[in-house]
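Student: This is a predicted model, with the sequence first.
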Amino acid sequence: MATSAHKAAPARAAIDSLPDELLLKVFTELAKIGPAYPTEPDSCVTYRFPFRTFDTCVEPHPGLRSYPFLSQVCRRWQNVLCQTGSRQVLWREVVVDFGHELITAVHTPIAWSDQRPSDDEFRSSFSKTRLSAARMLRFIEDRHSCIQRVVLKNSEGYYADDGEFVNLQQKHNFSLAHFGMLLGMLRSTLTELQVRHCADFFTLQALAAIACLPHLKVLRLEELRCRIDQCSLAELANLTQLEELSVTAEDSEHAWLVGMDAVPKQ
């Protein structure tokens, strides 16, 4: 009886036939994620976190991985991502949402790439997961020549779907010193900086470091919990290339809420 000399070759995915240039284009589109929730202009609380972990939830999990990280798929994808030209395309912008990074770290195991962890598995992994400022800085340093825009936000915590506030201040060790080191790495390339709801590490001393970014065009410091005095804000006068500035902050002083004392004259 005749037998087949060769086994049938496995079917090849269409994406495998794409050249590296088009594959990289696909990767760049994956980074474009729309808002998790519709805008609520009348809402006073905007710190809800767009992740659900309940077993009974039938809604999608925005942001949670439903496939392995790109570099884990195969060696070819890893090589495409590690090329110098790829980094110039993929890493012009870095957004660090501390809560998002924490949840993503919880879902790192490949075993959870195609199925959700149970509630108990999620809680166990969450309790053991910490965000390392040193690892974050190494990531930035490795890409510092191409990063032009940085967004840091929501490092203090978020409101879960059950209404409870999840405190992240004990889940990461990113401090003002690390923030200064980050700015130093990006001094020659950074054109836009946003810091939102990060009062656990942001203080007035950070303004002096920000003022040393010679190419900065857009600066947004928003939802901070501190009082900003005129002298500290005047440091930003050194940003001669600045085109857009947004500063919102408030702090409680007795029965009053105070924010920015005055706009500097220079």
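Tutor: Great, that's in hand.

Student: Return the set of residues that bridge with the most centrally placed residue in the chain.
Tutor: Residue closest to the mean C-alpha point of the chain, counted by Cα atoms, centre = their mean, is residue 96 at 1.9 Å. Here residue 96 shows beta-bridge partners residue 152, assigned using DSSP bridges.

Student: what sits against it?
Tutor: Going by Cβ atoms under 8 Å, 6 or more residues apart in numbering, residue 96 touches 136, 150, 151, 152, 153. Backbone N, C-alpha and C define where each C-beta goes, glycine included.

Student: most surrounded residue in these?
Tutor: Using other Cβ atoms under 10 Å as the neighbour criterion, residue 152 leads the contacts of residue 96 with 22 neighbours.

Student: if I look at that residue, how far off is residue 72?
Tutor: 26 Å (Cβ to Cβ, to the nearest Å).

Student: Would you confirm that residue 223 contacts residue 248?
Tutor: Yes. Taking Cβ atoms under 8 Å as the definition, residue 223 is a contact partner of residue 248 at 6.2 Å.

Student: Same drill for these two, tell me which one is more crowded.
Tutor: Comparing residue 223 with residue 248 by other Cβ under 10 Å, the one with more neighbours is residue 223, at 18 against 13.

Student: returning to what we had before: from residue 153, how far off is the residue nearest to the centre of the chain?
Tutor: 8 Å.

Student: Any stretches of the stretch 1-150 of the chain with poor pLDDT?
Tutor: Where the stretch 1-150 of the chain drops to pLDDT under 70, the residues are 1-11, 31-69, 109-116.

Student: Repeat the analysis, applying 90 as the threshold.
Tutor: For the stretch 1-150 of the chain, the stretches flagged by pLDDT under 90 are 1-131, 139, 142-143.

Student: What about residue 76, how many residues nearby?
Tutor: Using other Cβ under 10 Å, residue 76 has 11 other residues around it.

Student: Please give me every residue in contact with it.
Tutor: residue 16.

Student: Then residue 136?
Tutor: 96, 174, 178.

Student: Check the gap between it and residue 28 for me.
Tutor: Distance from residue 136 to residue 28, by Cβ to Cβ: 22 Å.

Student: ok, now residue 246?
Tutor: 27 Å.

Student: for residue 168, same thing?
Tutor: For residue 168, the distance to residue 28 - Cβ to Cβ - is 29 Å.

Student: Look at the two and report which has more neighbours.
Tutor: Between residue 168 and residue 28, counting by other Cβ under 10 Å, residue 168 is the more crowded of the two (20 against 12).

Student: I figured the more buried one hits residue 102, correct?
Tutor: Yes. Contact criterion Cβ under 8 Å: residue 168 and residue 102 qualify, at 6.5 Å.

Student: show me where the chain has helices.
Tutor: Residue ranges of the helices in the chain, as given by DSSP state H, are 20-30, 70-73, 75-82, 84-90, 98-106, 119-128, 133-142, 176-185, 205-210, 230-234.

Student: and the angle from the first one to helix 75-82?
Tutor: Okay, so that is helix 20-30. Per axes from the mean of the first three to the mean of the last three Cα atoms, to 10 degrees, the angle that helix 20-30 makes with helix 75-82 is 70 degrees.
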